[in-house]
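J.: model the following, please.
(one chain, ligands or ions: 1)
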Amino acid sequence: MSDPGAQADRPPAPRRGWGGLQVGRVLGVPIVVQPLWFVVVVLFTAGSGQTIKDNVAGLSTNAAYAAALAFVLLLYASVLLHELSHVVVARSLGMQVRRIVLQFLGGASEIVEEDPGHPARDFMVAMAGPLCSVFLAGVGAAVAPAFEPHTLPWLFAQGFAWVNALVAAFNLLPGFPLDGGRALLSVVWRLTEDKNRAQFVSGWVGRGLAIALAVYGAYVQNIPTGHGSDHLSGIYLLLLAFFIWANASWVIGRSKLGVVVPRLDIRAMSRRALSVAADLPVAEAVRRAHAAAARALVVVDSYGRPVGVVSEAAVMATPPQRQPWVSVSELARPVADGLLLRSDISGDALLAAVQAHPATEYLVVEPSGALFGVLARADVIAALQAAGLR
Ligand SMILES: [Zn+2]
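T.: Here you go, the predicted structure:
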């Protein structure tokens with residue numbers, strides 16, 4: 001939701017980005033300004049000072065640039081109002097808001113995504129911003145006729161109306177991460193009852209928009225203007241295209257993850273494991289594993305209880321001539337809490353368990369405590385990659 005150029009609000013992932021300066025709180029929500037924002041304010045001010053001087057008679061150069069700065073800040077105030085509209089609606093629906101960020105491409109409201117969430121609520125939150133911008137454009141258009149044409153207040157009101165109309169129109173484009181794309185996502189979600197498909201659709205429309213914007217940006221860059229070509233606008237559009245592409249790709253990845261993760265089956269992915277005594281030489285353990293068609297080694301104590309998982313990587317790293325002289329326990333990782341997975345977890349719970357305790361191998365046990373097998377992290381990653389995820 002957002003921006004002068006428009007932008008995307010609510011970065012999909014809790015990306016902390018480049019940090020920023022907290023300038024205050026509105027409705028309890030921190031307002032953060034990224035350092036690059038100040039650079040853009042200067043560039044916009046420099047870019048519009050001459051336009052103001054040309055359109056308002058009798059204005060000195062200094063006064064024109066001071067007015068340009070005031071105008072740019074006024075536009076950012078309207079971006080902030082656009083973001084606050086998202087925030088107010090989200091909060092009234094009981095959703096959590098992390099912060100509002102003013103970035104060089106506009107603004108972004110970081111609203112905590114609910115899981116699974118609700119399409120109607122997301123739709124209302126997404127539409128609140130553009131509605132606010134339409135309203136502000138209407139205010140500008142309504143007050144402009146009250147001023148003498150070609151005076152500063154008249155120019156401000158006209159510019160305010162146009163920019164807010166542009167922000168509303170741009171953000172209503174139906175590709176993720178723009179507001180219109182989020183609205184499209186919730187509509188498709190509602191109609192198909194398939195959030196993954198809706199994410200996929202809005203993500204691809206977003207990628208299409210990014211390409212169109214990049215092409216337009218390249219075109220704008222080559223249009224001759226009075227002072228050469230319009231490089232700044234072109235670069236701005238290219239950055240915006242890149243930003244939209246990245247976020248659209250993110251949501252497409254999410255949609256694939258949403259399809260694949262629920263299907264992660266720990267029993268199907270687990271490797272058959274051979275139980276061995278702690279003092280068994282690695283060479284003999286590997287020979288027995290091959291004979292038993294087992295692809296993992298688990299060290300058990302004299303009662304048969306699993307006490308360690310032998311690292312496949314450590315076995316591979318041990319030269320064959322050394323393997324008869326190294327015991328399996330030397331290459332085993334002791335079984336700690338996080339390395340023990342029950343064979344009845346699956347999907348999100350499985351992924352969360354693996355992410356919470358990074359390791360190369362996990363011991364998989366039946367609910368009864370009996371050894372089921374060994375889950376290699378590489379196999380989980382391979383299953384995700386098979387779905388086109390990295
Ligand atoms: Zn918005």
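J.: quick one, domains of this protein?
T.: For the chain, the domain assignment from automatic domain parsing gives the residue ranges 1-172, 193-263, 266-386.
J.: would you map the strands across this protein?
T.: Counting by DSSP state E, the chain forms strands over residues 21-26, 29-33, 97-103, 106-111, 224-225, 228-229, 273-277, 296-300, 306-310, 332-334, 340-342, 361-365, 371-376, given from the N-terminal end onward.
J.: among the ones you listed, which comes closest to L240?
T.: Between L240 and the strands of the chain, the shortest separation by C-beta to C-beta is 8.7 Å, and it involves strand 106-111. Heads up, the C-betas are built off the backbone N, CA and C, glycines and all.
J.: in its sheet, what does the closest one sit against?
T.: Applying DSSP bridges to the sheet, strand 106-111 is found paired with strand 97-103 (antiparallel).
J.: can you give me the angle the partner strand makes with strand 29-33?
T.: 20 degrees (axes from the mean of the first three to the mean of the last three C-alpha atoms, to 10 degrees).
J.: if we can go back for a sec, need the domains of the chain in TSV (columns: mean neighbour count).
T.: Output for the domains of the chain, formatted as TSV (neighbours: other C-beta atoms under 10 Å):
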stretch	mean neighbour count
domain 1-172	19
domain 193-263	18
domain 266-386	16
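J.: would you map the helices across the stretch 1-150 of the chain?
T.: Per DSSP state H, counting those that start in this stretch, the stretch 1-150 of the chain has helices spanning 35-55, 61-92, 119-143. These are given in chain order.
J.: in the stretch 51-200 of the chain, which residue sits nearest the ion?
T.: Nearest to the ion in the stretch 51-200 of the chain, going by C-beta to the ion, is G129, at a distance of 3.0 Å.
J.: pLDDT wise, what is that residue at?
T.: Predicted confidence (pLDDT) for G129: 95.
J.: any chance of the domains of the chain in JSON lines, plus distance to V187?
T.: As requested, the domains of the chain are arranged in JSON lines below (distance: least, C-beta to C-beta, whole Å):
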{"stretch": "domain 1-172", "distance to V187": "7"}
{"stretch": "domain 193-263", "distance to V187": "8"}
{"stretch": "domain 266-386", "distance to V187": "26"}
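J.: with respect to L185, which of those lies nearest?
T.: The closest of those to L185 is domain 193-263. By C-beta to C-beta, the value is 4.0 Å.
J.: so how far is that closest one off the chain centroid?
T.: Distance of domain 193-263 from the chain centroid (C-alpha atoms, centre = their mean, to the nearest Å) equals 13 Å.
J.: hmm, that domain in reach of the ion?
T.: No: using C-beta under 5 Å from the ion, we find that domain 193-263 stays clear of the ion, coming within 12.8 Å at best.
J.: ends of that domain, what's the gap?
T.: With C-alpha to C-alpha, to the nearest Å as the measure, the first residue of domain 193-263 is 18 Å from its last.
J.: mean confidence for that domain?
T.: Domain 193-263 carries an average pLDDT of 86.
J.: can you check stretch 311-322 too?
T.: Computed over stretch 311-322, the mean pLDDT rounds to 86.
J.: equivalent analysis for stretch 345-364, please.
T.: Per-region confidence: stretch 345-364 scores 86 on mean pLDDT.
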